[in-house]
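Visitor: Everything below, folded, please.
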Amino acid sequence: MPAIRSSETLADPFTHLCFSTCLTLIFFITGATLDTKVLLQNYARWKLLLYTQTLSFLMTSAVVFGLVEAVATDHDFMDPGLLVGLIFFSCVATTISSNVVMTRQAHGNTALTVVQTTVGNLIGVFITPALVVMYTSTNAWYNDSLPATSGSSAWGEIYRRVLKQLGLSIYLPLVVGQVVRHFFPTLCKRIFVDWKLNKIGSIALLVLLWATYDQAFATSSFSLVPGSNMVFIVFISIALWLVFFGITIFTAILWLEREDVVAVCMCVPAKGIVMGVPISSTIWDGMELGMQSKVQIPIVVYQGLQLVAASLLVPVFRRWIDRKRARERGEGDGCEEEKD
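Guide: This next block holds a predicted model:
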């Protein structure tokens, strides 16, 4: 079996360095500003973890598979690579960096977002390939151009590589940030809160977005499909995000606190390209480069749109949570006056 190409993760070493550095910065800052006890408490909320990951993997993939089956009734309407790409992106784990940054800006439960994103990407290494193979094993015409799925040796390589990336770019910076916070709590508060240097996370997020589209243009992905197909992908991505978000918020507000609702709503509709791209190139080892680029187009387009949508939600969620906190402070002051 051919070896996995070194270029499969990102278009060039500089882009790869941007991704890794920005992820490291975001999670170091997160570790340096989060209370360790709160973080561990959120890891122990297994019911909420199960709820979020079920929506993130099973709900999103089922919705998109139904959509693809409906669109595929017209064989001349969509490129088969884009249809496979829609299925693939719906099976990918949530994105990591933007969820954390947006939740913090919206005054949501940042610790819960860290937990959901790290757990989701850890199990996604195993769940995503299984879901993709299941959905693309049907006799649908758009699956005819796909090569056979990779063997066990390729899977072992991708598990090793992606878990290494998770460890070095996410878990290690998070732990180092927690250690620094433990020994220098006052200094961390002064640097990241008082001096507002936690805004570096927002800058890192913009660099990540630039790197994502740099990769797409470097591989000439957008020039390989008809313009009408690209328009469809853009509008259907917006519609899918609205569906994912709507299902999430209307189920979450029934049993979660507002801060938790914000965290879950940032995680479920989002999809991560950092882990998605290497997995896609290993599921179908030996896939023709043009087809591979087409498969990756939906997740690249969705990545940019989800960041715009989340950015628009941040001030709305922040006001929603601030009103709740102001009301709680007012009720607390009222109780103290009665006691006096």
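Visitor: How about the secondary structure of residue 115?
Guide: Secondary structure, DSSP: H, G, I helix; E, B strand; the rest coil: residue 115 is helix.
Visitor: Report the secondary structure element holding the nearest residue to it once chain neighbours are set aside.
Guide: Distance criterion C-beta to C-beta, 6 or more residues apart in numbering; nearest residue to residue 115, sequence neighbours excluded, is residue 42 at 4.5 Å. Glycine gets a C-beta too; all of them are placed from N, C-alpha and C. Per DSSP states H and E, residue 42 falls inside helix 36-43.
Visitor: Could you export that helix as PDB, CA atoms only?
Guide: The C-alpha coordinates for helix 36-43 follow below in PDB (Å, rounded to 0.1, in the frame of the first residue of the first chain):
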ATOM      1  CA  THR A  36      -8.700  23.700  37.100                       C
ATOM      2  CA  LYS A  37     -11.500  22.600  39.400                       C
ATOM      3  CA  VAL A  38     -14.200  23.900  37.000                       C
ATOM      4  CA  LEU A  39     -12.400  22.200  34.100                       C
ATOM      5  CA  LEU A  40     -12.400  18.800  35.800                       C
ATOM      6  CA  GLN A  41     -16.100  19.200  36.900                       C
ATOM      7  CA  ASN A  42     -17.100  19.600  33.300                       C
ATOM      8  CA  TYR A  43     -15.100  16.500  32.200                       C
END
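Visitor: Please point out which parts of the very next helix or strand once past that helix sit buried.
Guide: Toward the C-terminus, helix 36-43 is succeeded by helix 46-53 as the next helix or strand (DSSP H and E). Of all the residues in helix 46-53, those buried under the rule 16 or more other C-beta atoms under 10 Å are 48, 49, 51, 52, 53.
Visitor: try stretch 179-197
Guide: 180, 181, 188, 191, 192.
Visitor: so which of the buried residues of helix 46-53 would you say is closest to residue 111?
Guide: residue 48 (11.8 Å; C-beta to C-beta).
Visitor: wait, isn't the closest one in contact with residue 113?
Guide: No. With contact defined as C-beta atoms under 8 Å, residue 48 does not count as touching residue 113 (11.6 Å).
Visitor: got the contact list for stretch 238-246?
Guide: For stretch 238-246, the surrounding residues in contact (C-beta atoms under 8 Å, 6 or more residues apart in numbering) are 55, 59-60, 63-64, 67, 90, 265, 268-269, 302, 305-306, 309.
Visitor: if you set the cut-off to 10 Å instead, what comes out?
Guide: With contacts defined as C-beta atoms under 10 Å, 6 or more residues apart in numbering, stretch 238-246 is touched by 55-56, 59-60, 63-64, 67, 86, 89-90, 265-266, 268-271, 298, 301-302, 305-306, 308-310, 313.
Visitor: shaky segments in the stretch 1-150 of the chain?
Guide: Applying pLDDT under 70 to the stretch 1-150 of the chain picks out residues 1-16, 18-19, 148-150.
Visitor: so where do the helices sit in it?
Guide: Remark: helices assigned in the stretch 1-150 of the chain by DSSP state H, counting those that start in this stretch are 13-33, 36-43, 46-53, 60-71, 80-91, 97-105, 110-135.
Visitor: residue contacts, residue 43?
Guide: Contacts of residue 43 (C-beta under 10 Å, 6+ apart): 49, 111, 112, 114, 115, 116, 118, 119.
Visitor: now it: how far from residue 111?
Guide: 9 Å (C-beta to C-beta, to the nearest Å).
Visitor: do the same with residue 318
Guide: 17 Å.
Visitor: Name the residue in the two with the higher neighbour count.
Guide: residue 111 (23 against 15; other C-beta atoms under 10 Å).
Visitor: which residues touch that one?
Guide: Residue 111 touches 30, 34-43, 100, 103, 259, 263, counting by C-beta under 10 Å, 6+ apart.
Visitor: Show me which of those residues are buried.
Guide: 30, 34, 39, 42, 100, 103, 259, 263.
Visitor: got a markdown table for these, with distance to residue 284 too?
Guide: As requested, the buried ones among the contacts of residue 111 are exported to a markdown table (distance: C-beta to C-beta, whole Å):
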| residue | distance to residue 284 |
| --- | --- |
| 30 | 34 |
| 34 | 39 |
| 39 | 37 |
| 42 | 36 |
| 100 | 31 |
| 103 | 34 |
| 259 | 40 |
| 263 | 34 |
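Visitor: What is the nearest of these to residue 138?
Guide: Distances from residue 138 to these, taken by C-beta to C-beta, are shortest for residue 263, at 34.7 Å.
Visitor: And the helix or strand encompassing the closest one, what's buried?
Guide: If you go by DSSP H and E, residue 263 is part of helix 258-267. For helix 258-267, burial by neighbour count (16+ other C-beta under 10 Å) applies to 258, 259, 260, 261, 262, 263, 264, 265, 266, 267.
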